[in-house]
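1. Quick one, fold the following:
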Amino acid sequence: QGQLVESGGGLVQAGGSLRLSCAASGRTFSTYYMGWFRQAPGKEREFVATISWSGGRTVYADSVKGRFTVARDNAKNTVYLQMSSLKPEDTAVYYCAASGRFETPTMDEYDYWGQGTQVTVSS
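-> You can find the predicted model right below:
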């Protein structure tokens, strides 16, 4: 059974940067799409970014395009989300997830989820 553990969240001022990590264990996720999602208080969980198994394909939500970068290191079984130019509206719990789909998965097609890490951006 696979497990995903996020880290790197915290409190940062608007305009600052954070890098989130998602460490996978229990199985190899090197052939899985890995995605990042977030959920703000009182809101639905939303898609942030995803990366294909090779890293050759990445997709971003419009709200983070140009500010966030998703990357992966399959040798370390780890996925990263580099967040820059952070805004207060980026405040949320950030989750990583893994999907065994061959094509870009929808949110419902992710099989494994982490517990989340809190990101708070102050104005």
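
2. which residues of this protein fall in strands?
-> With strands called from DSSP state E, the chain shows them at 3-7, 10-13, 18-25, 33-39, 46-51, 58-60, 68-73, 78-83, 92-99, 112-113, 117-122.

3. Tabulate these (CSV), appending mean neighbour count and distance to residue 105.
-> The way it works is simple: take the backbone N, C-alpha and C, and place the C-beta from them, glycine included. What follows is these, written out as CSV (neighbours: other C-beta atoms under 10 Å; distance: least, C-beta to C-beta, whole Å):
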stretch, mean neighbour count, distance to residue 105
strand 3-7, 17, 15
strand 10-13, 13, 28
strand 18-25, 19, 16
strand 33-39, 24, 5
strand 46-51, 21, 7
strand 58-60, 16, 10
strand 68-73, 18, 14
strand 78-83, 22, 14
strand 92-99, 23, 4
strand 112-113, 18, 12
strand 117-122, 17, 21
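
4. got a list of what the residue nearest to the spatial centre of the chain touches?
-> The centroid of the chain falls nearest to residue 36 when counting by C-alpha atoms, centre = their mean (2.3 Å). Applying C-beta atoms under 8 Å, 6 or more residues apart in numbering to residue 36 gives the contacts 20, 22, 48-50, 70, 79, 81, 94-97.
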